[in-house]
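Asks: Sequence first, predicted model second:
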Amino acid sequence: MQQEYKQLDMRYEEAELRSKRKNQSWIDRTWTFFSSVKVGLWLIGLIIIASGVGTIFPQEMYIPQAVPPEEFYGKEYGTAGEIYYALGFHNLFESWWYIGLITLLLLSIIIVSIDRFFPLYRALKKQPVIQSDRFMGGQRFGAEATGTVKQIDAIEPLLKKKGYKIRRQDGALLAEKQRFGRWGPYINHIGLVLFFGGAMLRIVPGMHEDELMWIREGETLPVEATDNKYYLENNSFNIEFYDPAKEPEKFREALKRAGGSVPKNYDTQMTLYKKTGMTDDFKPKLEKVKSGETAVNQPFEFGNYQVFQEQYAADPEFKTMSFNIENQKTGKVVDTIKVDLRNPQETYKLKNGYDVELKDFLPDFVVKDGKPTTNSSRPVNPAFVFTIKSPEHPKGERSLIGIKLNVGGDKNQYKMGFAGTELSNITGVRIKKDLTLPFLFAGGMIFMFGLLLGMYWPHRRLWLKERNGQINIAGFTNKNALGLQKEVNLALTEVGLPQLEDRQKLREEGETK
């Protein structure tokens, strides 16, 4: 009898799945392909591998903003960096092929769910109480013995006490418990669809924004992530450094090894403005919305946006520079000019008929191929080409002046000398907006709920039927076989019926003998 036992596949209650049809059209073959668990696992594997490769080098949002990505990766990482950029790994989560993989995975999950959910639902919804001998004999757990319907009647209240729902028909009994546990995997699928769907929504305009914004003290700039509807003003940037003398002994050595000053905390005091229109000279009209600060892990929030303190420039920029116009023969200072490096004037009118013209401004002065030029637009090493017009020299006297630099002014009657500077700190804040988070959070929670449901609430069933003085018993559980036997055997023993046998175990033991 044990050798003839052939266990039925009860994963889908022997229901017919579309993916298992023999005569398939091209639609059925496509359906079968995406309903394959192997295909889903391959897609998940490819997504995991791609996500891992995407962490080898920094994503585009984290590289220096002054350098174009196509130049940065090759210059910084060589051939590997060029390949990394060419394949789109620099902006992985928005690349077309990565979104394509997620789309295929979502399609696979949806098709797998539909392919198995509805046949299983129909099979469980219309379960017959009286099953065939083939069905009873094909269950993993079962037993047979001489008995009467009265014994089946007696076991009914015992099973009800253990939480089983009972159905009867012509003396036969079906006891069922925790059917909802069968839906755990499908709830998992709903969670995954929400999670990956939320990830895909990041490419939809307005759903996700991530922008690094550099803003100087005293500067007001539009926030591009808001389509320039809002402006941020950097009122002041503050930074606090660790003082080794004030720190516990165990931290002093680490601070010394770090070398230089180690920042303890830094924040930016800022004001948010809303653009309400344009002035007659095409400048934005700004209305104050709120003031506040953004510190490390303490964002400044407005609407759906968060402003995070992320970086700061180690070296402050020059904000203004003042120069004295001096007569080199008499040593008398004629006048002083103040140059705003963010918005320098072309001409500075002085008293007594003196003028200073700014012929060229080099914010980050260097000499390349024997010619003065600038490395960047940041005024970190500014240099100027001035022409000083005086009553004695109406055509002007030209000179190049910068930090520790004064070229062409020795033979002139008038020279320019530094009279003072104002420095400006620069803060790097990240503007973030993420309307996909509710989908990601809901998807994750639903997935965990389905996982717990499927793991800790196994579906258990017991069938008993009497025919010609013989009672046939069969049991099913999709998990925790020992738990089913222990729970049901107590009730069977109490009414004088034999305990459930594990037919699979008996067959395996018989094959080994």
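Replies: Sure thing, it's come through.
Asks: only C-alpha atoms for contact and neighbour calcs from this point on.
Replies: OK.
Asks: Contact partners for the closest residue to Ala172 other than its chain neighbours?
Replies: Distance criterion C-alpha to C-alpha, 6 or more residues apart in numbering; nearest residue to Ala172, sequence neighbours excluded, is Lys465 at 4.3 Å. By C-alpha atoms under 8 Å, 6 or more residues apart in numbering, the residues touching Lys465 are 130, 152, 171-173, 471-473.
Asks: now do 10 Å
Replies: 129-133, 136, 144, 148-149, 152, 168-174, 471-474 (C-alpha atoms under 10 Å, 6 or more residues apart in numbering).
Asks: Could you tell me whether it really is in a strand?
Replies: Yes - in this structure, Lys465 lies within a strand as judged by DSSP: H, G, I helix; E, B strand; the rest coil.
Asks: sorry, back to before: next step: the contacts of Lys465 restricted to helices.
Replies: 133, 136, 149, 152 (DSSP state H).
Asks: now, which of the residues you listed sits nearest Glu310?
Replies: Nearest to Glu310 out of the ones in helices among the contacts of Lys465 is Met136 (C-alpha to C-alpha; 66.2 Å).
Asks: Can you verify my assumption that that closest one contacts Ile471?
Replies: No - with contact defined as C-alpha atoms under 10 Å, Met136 does not reach Ile471; the gap is 11.2 Å.
Asks: who's more crowded, these two?
Replies: Each of Met136 and Ile471 has its neighbours counted (other C-alpha atoms under 10 Å); Met136 has more, 24 against 21.
Asks: Distance check, that one against Gly147.
Replies: Separation of Met136 from Gly147 (C-alpha to C-alpha, to the nearest Å): 17 Å.
Asks: try Leu124
Replies: Computed as C-alpha to C-alpha, the Leu124 to Gly147 distance reads 29 Å.
Asks: Show me the longest helix that occurs in this structure.
Replies: Secondary structure assigned by DSSP H gives helix 96-125 as the longest helix of the chain.
Asks: Quick one: mean pLDDT over it.
Replies: Averaging pLDDT along helix 96-125 gives 89.
Asks: and Gly147, what is it in contact with?
Replies: If you count contacts by C-alpha under 10 Å, 6+ apart, Gly147 has them with 466-472, 496-497.
Asks: Can you show me the strands along the stretch 1-150 of the chain?
Replies: Here the stretch 1-150 of the chain has its strands, by DSSP state E, counting those that start in this stretch, at 141-146.
Asks: what do you get for the stretch 201-350 of the chain?
Replies: 208-216, 220-222, 230-241, 263-278, 284-295, 300-302, 305-312, 317-327, 333-340, 347-349.
Asks: would you list the ones you listed in a markdown table and tack on distance to Arg182, mean pLDDT and mean neighbour count?
Replies: Output for the strands of the stretch 201-350 of the chain, formatted as a markdown table (distance: least, C-alpha to C-alpha, whole Å; pLDDT from 0 to 100; neighbours: other C-alpha atoms under 10 Å):
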| stretch | distance to Arg182 | mean pLDDT | mean neighbour count |
| --- | --- | --- | --- |
| strand 208-216 | 36 | 87 | 19 |
| strand 220-222 | 54 | 92 | 17 |
| strand 230-241 | 51 | 92 | 17 |
| strand 263-278 | 52 | 92 | 17 |
| strand 284-295 | 48 | 93 | 15 |
| strand 300-302 | 44 | 94 | 17 |
| strand 305-312 | 41 | 91 | 20 |
| strand 317-327 | 65 | 88 | 19 |
| strand 333-340 | 72 | 90 | 16 |
| strand 347-349 | 81 | 92 | 14 |
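Asks: The ones you listed into JSON lines, with extra columns for distance to Lys404?
Replies: Shown next, in JSON lines, are the strands of the stretch 201-350 of the chain (distance: least, C-alpha to C-alpha, whole Å):
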{"stretch": "strand 208-216", "distance to Lys404": "25"}
{"stretch": "strand 220-222", "distance to Lys404": "31"}
{"stretch": "strand 230-241", "distance to Lys404": "28"}
{"stretch": "strand 263-278", "distance to Lys404": "30"}
{"stretch": "strand 284-295", "distance to Lys404": "37"}
{"stretch": "strand 300-302", "distance to Lys404": "41"}
{"stretch": "strand 305-312", "distance to Lys404": "26"}
{"stretch": "strand 317-327", "distance to Lys404": "14"}
{"stretch": "strand 333-340", "distance to Lys404": "17"}
{"stretch": "strand 347-349", "distance to Lys404": "23"}
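Asks: Perfect, I'm done here.
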